[in-house]
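**Q** Let's see this in three dimensions:
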Amino acid sequence: MYIYSHLTNGEDTVNTKEFDVKSIRMQAGMGIQEFADAMGVSRQSISSYENGKTNPKKIRSKLEKFIKTNDITCRSFTENEFNKLLADLKTVQYTVGCLVERLEDSVE
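**A** Here you go, the predicted structure:
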């Protein structure tokens, strides 16, 4: 699977083994050091979690709280699903661009 985000079992609880720490951090728009400070661990620990060298179980409760507090997406996608979403997003982006052009033309 292509992990775009981390997984949830559909409940409010999250499976620690499925955390994609880098995706969580990136969705929050944080650098490694900033995220490490928020989690109360070292920069090296975050790097280790992101590279899959260690399991983030040590910060499980902090990650769960962070996910809920920061409205982080709890979903993973297969590569095909991800590519379809990306194509759909590009279509929406194109459509919005066309609408903006029309609006700008009508204002002139």
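
**Q** how close does residue 56 sit to residue 90?
**A** 33 Å (Cβ to Cβ, to the nearest Å). For the C-beta atoms, the positions are set from N, CA and C on the backbone; glycine is no exception.

**Q** And for residue 24?
**A** 25 Å.

**Q** again, but for residue 60
**A** For residue 60 relative to residue 90 (Cβ to Cβ), the value is 36 Å.

**Q** Could you do residue 35 as well?
**A** From residue 35 to residue 90 the distance is 29 Å (Cβ to Cβ).

**Q** Tell me which of residue 60 and residue 90 has more neighbours.
**A** Counted by other Cβ atoms under 10 Å, residue 60 and residue 90 do not tie: residue 60 has more neighbours, with 14 against 10.

**Q** what's the burial count for residue 45?
**A** Neighbours around residue 45, by other Cβ under 10 Å: 19.

**Q** Regarding it, what is its secondary structure?
**A** Recorded secondary structure, residue 45: helix (DSSP: H, G, I helix; E, B strand; the rest coil).
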